[in-house]
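Q: A structural model of the following input is requested.
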Amino acid sequence: MIEIKSYLQTRDGRLVEIGAASETLRDERYIDGALEMTVNGVRIIDVAMWDYIDQLWAYICTMAADLQATGEASTGFPDQALKLSFERQGRNRVLVTLTGTNVHRAASAAEDELVAALREAGSAFFTELARVLPHDGGSYAGALATLLGTSPPKT
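A: Residues are numbered from 1 along each chain as shown. Here you go, the predicted structure:
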C-alpha cells in the first residue's frame, strides 16, 4: 500500500494538507510544503523534510516518467541534501529509497501501484495548488503532463 499526502506551509509556518489550504502562503514564489510518502508501512518521506513542494513535485513527475522509460530515476530535493530514488527490481517491483545525511529509508512496491499513486497524488497536488494560487494555475501543466504521460495543453 502506498500513501502520499501533500502539505503547504502557511504564512504562520504551519503545515496544512493542501486540500484544506485556504490561507495565504508565506511566499508565492517559493512554495514551502511537505510530502508524506509511506510505502508498504515504511515512511519514506515525512513532513520534517519540508522543502519547495511545487519544485519537488515537478521533479517527482519527471521521475515517474523516467522510471517507466528506463527502469530507474532519482532526484535531489530542491533545497536539502536528500535524494529520492526509484529502481526497478525484477518484474514489476520498484525499490523506493531516500538517502541523505543520517537518513536511509527504503521499501519495495509494485511499479504499477507506485506510478498510480504518484499520478493520483500529483494530480491532486497540482489541482489544489491551482485553486490556492489561481494566477499560477498553468505554470505546472508541463510537469503534470509528464506525470500523466500526456501532452501539455497549448497556450
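Q: State the helix or strand in which the residue positioned nearest the centre of the chain lies.
A: Geometric centre of the chain, nearest residue: residue 57, 3.6 Å, by CA atoms, centre = their mean. When secondary structure is defined by DSSP states H and E, residue 57 falls within helix 53-70.
Q: pretty sure the residue nearest to the centre of the chain is in contact with residue 6, am I right?
A: Yes: between residue 57 and residue 6 there is a contact under CB atoms under 8 Å: 7.2 Å. In short, each C-beta sits where N, CA and C put it, glycine included.
Q: mind checking which helix or strand residue 86 is in?
A: strand 82-88.
Q: got the angle for that strand vs helix 53-70?
A: 20 degrees (axes from the mean of the first three to the mean of the last three CA atoms, to 10 degrees).
Q: circling back: need the overlap of contacts for residue 57 and residue 6.
A: The contact sets of residue 57 and residue 6 overlap at 35, 125 (CB atoms under 8 Å, 6 or more residues apart in numbering).
Q: for the next helix or strand after the strand holding residue 86, packing partners?
A: Using DSSP H and E, the helix or strand that follows strand 82-88 in sequence is strand 93-100. On a contact count with 3 or more CB pairs under 8 Å, 6 or more residues apart in numbering; DSSP states H and E, strand 93-100 meets strand 42-45, strand 82-88, strand 103-110, helix 111-132.
Q: Mind listing what's buried along the helix or strand of the chain with the lowest mean pLDDT?
A: Of all the helices and strands that make up the chain, the one with the lowest confidence by mean pLDDT, DSSP states H and E is helix 141-148; it has a mean of 75. Using 16 or more other CB atoms under 10 Å as the test for burial, helix 141-148 gives 141, 143, 144, 146, 147.
Q: Which other helices and strands does it contact?
A: Going by 3+ CB pairs under 8 Å, 6+ apart, helix 141-148 lies up against helix 53-70, helix 111-132.
Q: Identify all contacting residues around the shortest one.
A: If I follow you right, that is helix 53-70. 6-8, 31-35, 72-78, 84, 86, 88, 94, 111, 114-115, 118-119, 122, 125-126, 129, 140, 143-144, 146-147, 149.
Q: in its sheet, what does the helix or strand following it sit against?
A: Next helix or strand after helix 53-70 toward the C-terminus (DSSP H and E): strand 72-76. With DSSP bridges as the test, strand 72-76 is paired with strand 82-88 (antiparallel).
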